[in-house]
Structures are given as C-alpha cells and as structure tokens.
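**Q** predicted model and sequence follow; I will ask about them next.
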Amino acid sequence: MLLDCGSECDSLNLLMECGGAVNSPGDAVGQSPAHLAAGGGQAFFLLWQLQTGVDVNQQDCFGETLIHKAARSGSMECLSLLVASDAKIDMCNKDGHTAEELALSCGFLDCARYLATVKLTQDTFSKAQSSLYGLRETAAGIKRGQCCQTIFNGKRRRSDAFV
C-alpha cells in the first residue's frame, strides 16, 4: 500500500496502485484521488496532487470540489492548501451548499470561520482592485482630455493670420 492511514484511505490506495491519472474520476461517484485525499484530511498527499497539476475545482457527481471535501472532513491543513492554490471557495454543490456551509453543518466552526474570513478578504480585495481600475481609467481619461485641450488651445490656425 502507498499510505498507512487506515481504512479511510483504501479507495485512495486502490486508485493510486491502479495508476489513476491526476484528474481522472477514479471511483463510482467521480472522485479523483485528490477528492479522496481532501476528504480524508491527507494534506501531504493532497499537496503532492496539487503539485502534479490537479484541477482544484473539479466536481464529482455530487457537485463537490476538493474544498467541499476538506470542509466536510474539518481539515484545516487541506483547506489552507486549497485556498493557497486558488480553489473557488464560493462554488456550490448540487444541494446548493458552499464549503463554508458544509463545515458549519458538520460542526467544524474553525474551518467555517476560516473560509468566511478568506471570502471576505477576497471580496474586499476584488472591490479594491475594481475601484483602483476605475480610478486609473478616470485619471487616464482626464489626462487625455487635458492633453487634447492643451494641443487644441496651443495650435494656431493658419487661416487666422490671413484674415
């Protein structure tokens, strides 16, 4: 066996022993080896999967991504890895639940609080970027307008001299 982590890793070990591809839906419900690692709280194996190019937002037949699995299992280590890998934390599964809601319903308050904080930070950063972009566009427009006025006002028409 590849990992000595008990019965919860049996499916994961079988997938890897059979040569399951990184993003292959290896089991009957479409879970990749990374889904199983996140759901089992196997942060080291998940990190290895992330380094080999796993799709962090791949959904299984329940619409759950890796972050849903990590939230359901209460694995702060796996959640941190997934957030650092730009996993979408606001995706909903087929029941309409986000990872934060799953963590909360499973009693993992620290995980739910962490995901809520990350989402708030991402939203704030996104709004700040949008505002900064808007300011840049406004400043560029004003600068172009001033530049055009200066050129227009500074030019003399040749016909003025002949009239």
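**A** Structure's in. What do you need? Residues are numbered from 1 along each chain as shown.

**Q** use CA for all of it now, contacts and neighbours both
**A** Will do.

**Q** low-confidence stretches in this structure?
**A** 1-26, 134-163 (pLDDT under 70).

**Q** please repeat the previous calculation with a cut-off of 90.
**A** 1-32, 52-53, 122-163 (pLDDT under 90).

**Q** now Lys127: how far from Leu120?
**A** For Lys127, the distance to Leu120 equals 11 Å [C-alpha to C-alpha, to the nearest Å].

**Q** how about the closest residue in space to Asp90 that isn't next to it in sequence, what does it touch?
**A** Nearest non-adjacent residue to Asp90, counting by C-alpha to C-alpha, 6 or more residues apart in numbering: Thr98, 5.8 Å away. Applying C-alpha atoms under 8 Å, 6 or more residues apart in numbering to Thr98 gives the contacts 68, 89-92.

**Q** doesn't Ala103 make contact with Cys111?
**A** Yes. The pair Cys111 / Ala103 is scored as a contact, 6.1 Å apart, by C-alpha atoms under 8 Å.

**Q** give the intersection of the neighbour lists for these two.
**A** In contact with both Cys111 and Ala103: 71, 74, using C-alpha under 8 Å, 6+ apart.

**Q** picking up where we left off before, of the contacts of Thr98 - the most surrounded one?
**A** His68 (29 neighbours; other C-alpha atoms under 10 Å).

**Q** chain neighbours aside, what residue packs nearest to that one?
**A** Ala99 (4.5 Å).
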